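>>> Need the 3D shape of this:
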Amino acid sequence: MPGGRLTQPERQQIALGLADGLAYAEIARRLDRPTSTITREVMRNGGPTAYRADLAHRATERRAQRRRRTAPREPQASAQPYGRDAEAVREYEELFTTVMMASGMPKMMARVMSCLTLTDSGRLTASELVQRLQVSPASISKAISFLETQGMVRRERDERRRERYVVDDDIWYQSMMASARSTAQLVDTARQGVGVLGPGTPAAIRMENIARFLDFVSESIARAAEQAREVLHTKPETPSESKPAASGSGPG
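Next comes the predicted model:
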């Protein structure tokens with residue numbers, strides 16, 4: 001399997017594959033590349049409907065130039081806890097961000113969410129996010145406000161009264177419950193439409209079907225989230241940063 005950055009001819013093949021309606025996995029197979037490479041390439045360069053090979057190639061060159069210019073100002077990138085590969089972590093963070101964007105999350109919100117989620121503490125201040133992501137405080141503030149409305153982050157103050165943004169083990173439960181509440185509100189609104197449009201009319205029947213479908217989905221999401229939280233919510237053990245895991249055998 002070839003390594004290194006995508007070449008311009010490969011990007012042209014990606015564009016042709018997208019135009020032919022090929023799945024990312026099929027494009028990846030034809031190029032002998034990982035599917036994640038194709039997914040990340042397309043989503044960071046306009047998505048499947050707006051991807052252009054020449055623009056993507058130039059954008060990648062610009063990102064590489066910026067990375068080289070900023071590398072001396074980011075010594076933290078070379079020091080990873082638990083012996084992690086810094087470059088592998090950086091690439092995974094880009095992939096995680098890309099997948100969240102593909103699910104509909106705006107780019108900056110996805111970057112902030114990814115940055116928070118992949119820290120061991122799960123807690124960062126606004127200034128730490130600004131430093132890590134190299135964006136403006138206003139961008140961080142807007143992203144945090146959005147993520148709060150989705151139930152995906154919360155705020156807390158540390159011993160120095162600094163505000164920190166937190167993702168913890170409960171974030172996905174809270175996010176699912178927020179989604180269920182939002183869907184339930186849409187159900188109520190759809191049912192109001194039945195009365196306005198006149199029961200039995202084609203439009204009212206459509207709204208009633210929408211309400212029934214979404215009501216079922218909303219209840220299913222809430223029930224599944226509660227069950228998953230009860231069954232799966234465990235506290236993982238934290239490995240030692242200084243000592244490798246013991247390799248001794250168990251009792252005979």
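>>> Any idea how many residues pack against the closest residue to Ser139 other than its chain neighbours?
Once flanking residues are discounted, Ser139 sits nearest to Met108: 5.5 Å by C-beta to C-beta, 6 or more residues apart in numbering. In this view, the C-beta of every residue, glycine as well, is placed from N, C-alpha and C. With neighbours defined by other C-beta atoms under 10 Å, the count for Met108 comes to 17.
>>> Following the chain onward from the host helix or strand of Met108, which element is next?
Per DSSP states H and E: Met108 is located in helix 107-117. Using DSSP H and E, the helix or strand that follows helix 107-117 towards the C-terminus is strand 123-125.
>>> Contacts made by that following strand with the rest, please.
Strand 123-125 is contacted from outside by 115-116, 132, 156, 162-166, using C-beta atoms under 8 Å, 6 or more residues apart in numbering.
>>> Out of those residues, which two sit at the greatest distance?
The most widely separated members of those are Arg132 and Glu156, with 18.6 Å between them, by C-beta to C-beta.
>>> which one of those two has more residues nearby?
Arg132 (19 against 11).
>>> Kindly list the main-chain dihedrals of Arg157?
phi -120, psi 140 (degrees, to the nearest 10).
>>> From Gly193, how far out is the closest residue to it other than its chain neighbours?
Counting by C-beta to C-beta, 6+ apart, Glu163 is the residue found nearest to Arg157 once chain neighbours are left out, at 5.7 Å. Going from Glu163 to Gly193 by C-beta to C-beta, to the nearest Å gives 41 Å.
>>> if you count what's nearby, which of the two comes out ahead?
Counting neighbours by other C-beta under 10 Å for Glu163 and for Gly193 shows that Gly193 has the greater number, 15 against 11.
>>> List the residues that contact that one.
Gly193 touches 203-204, 207, counting by C-beta under 8 Å, 6+ apart.
>>> By neighbour count, which of those residues wins?
Neighbour max across the contacts of Gly193 (other C-beta under 10 Å) = Met207, 20 neighbours.
>>> rewinding a little: check contacts around the residue nearest to Arg157.
125-126, 155-157.
>>> Pick the one among the residues you listed closest to Ala23.
Using C-beta to C-beta, the contacts of Glu163 come closest to Ala23 at Ala126, 39.3 Å.
>>> Which parts of the helix-or-strand element of the chain with minimal mean pLDDT count as buried, going by neighbours?
Sorting the helices and strands of the chain by mean pLDDT, DSSP states H and E puts helix 53-70 at the bottom, at a mean of 74. Within helix 53-70, the residues that qualify as buried are 53, 56-57, 60, counting by 16 or more other C-beta atoms under 10 Å.
>>> Cool, thanks, talk later.
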